[in-house]
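>>> Below: sequence and its predicted model.
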Amino acid sequence: QPGPLHISQIVTIAHTPGLPNPPVKIGETRPSVPDMLDHLALQCADVGASADFYTRVFTSCGVRELMRYEGTGGAVVGLCGPDSFPRLWLGALVDDGARPVHLAITAPSRESVDAVFAAARDSGAAILHEPRLWPEYHPGYYGVFFRDPDGNNVEAVHHTFPGR
């Protein structure tokens, strides 16, 4: 049975010729999250602890708390990056069943990925893969993978493309 697809493979497979936005090719860059992903919400056993974890670990990527309010199930926290748009939401745990999530946050540099790794390690997070190049994704893909407080597979990634 083949392993999971990486998002770059999914984009390539999902594209229909003749429609706008053909797949990104190696050496080409395009904005990704602002054009595709508006926001993502994660269920958390402890919203405050998760908000603290994400803002502390991803500080080198510009992640910060933008807003917080009390919802019907408890605290809801909106986190943003440098664009000050709340793209990552943390809310109360509704279903504690298996909910595998992979979240990748863009890092502005390789040094930032290394800083995320250090912060994740210092926080006691389970490190899945230390920072390195992942040429199977593309030659300039540099990332680190670890678990957040709720067991999600979280990544910090920086992309460089030859000639850019």
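Thanks, I have it. Numbers count the residues shown, from 1 in each chain.
>>> pLDDT score for the closest residue to residue 82 other than its chain neighbours?
Once flanking residues are discounted, residue 82 sits nearest to residue 62: 4.0 Å by CB to CB, 6 or more residues apart in numbering. To be clear about C-beta, it is placed using only N, CA and C from the backbone, and glycine gets the same treatment. Confidence at residue 62, expressed as pLDDT, is 96.
>>> residue contacts, residue 62?
81, 82, 108 (CB atoms under 8 Å, 6 or more residues apart in numbering).
>>> Can I get stretch 116-126 in CSV, CA atoms only?
Only the C-alpha atoms of stretch 116-126 are listed here, as CSV (Å, rounded to 0.1, in the frame of the first residue of the first chain):
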residue,chain,number,x,y,z
VAL,A,116,11.0,26.2,16.2
PHE,A,117,12.8,22.9,16.7
ALA,A,118,14.7,24.3,19.7
ALA,A,119,11.5,25.7,21.2
ALA,A,120,9.5,22.5,20.6
ARG,A,121,12.3,20.4,22.1
ASP,A,122,12.6,22.7,25.1
SER,A,123,8.8,22.5,25.6
GLY,A,124,9.0,18.7,25.9
ALA,A,125,7.3,18.1,22.6
ALA,A,126,7.9,14.6,21.0
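>>> Now tell me what touches it from outside.
So stretch 116-126 is in contact with 53, 56-61, 105, 107, 127, 130-131, 144, 146-148, 154, 156, going by CB under 8 Å, 6+ apart.
>>> could you redo the last one with a cut-off of 6 Å?
Residues outside stretch 116-126 that contact it (CB atoms under 6 Å, 6 or more residues apart in numbering) are 56, 57, 58, 60, 131, 144, 146, 147, 156.
>>> Secondary structure class of the fourth one, three-state.
Going back to what we said before, that points to residue 60. helix (DSSP: H, G, I helix; E, B strand; the rest coil).
>>> How many neighbouring residues does it have?
Residue 60 sits with 19 neighbouring residues when counted by other CB atoms under 10 Å.
>>> next one: the second one
Using other CB under 10 Å as the criterion, residue 57 is surrounded by 25 other residues.
>>> Quick check: phi and psi at it.
Main-chain torsions, residue 57, degrees, to the nearest 10: phi -70, psi -40.
>>> Pick out whichever of the contacts of residue 62 sits closest to residue 38.
residue 81 (13.3 Å; CB to CB).
>>> Need phi/psi at the residue lying closest to that closest one once chain neighbours are set aside.
Distances taken as CB to CB, 6+ apart put residue 62 closest to residue 81, at 4.9 Å, once the chain neighbours are dropped. Main-chain torsions, residue 62, degrees, to the nearest 10: phi 80, psi 10.
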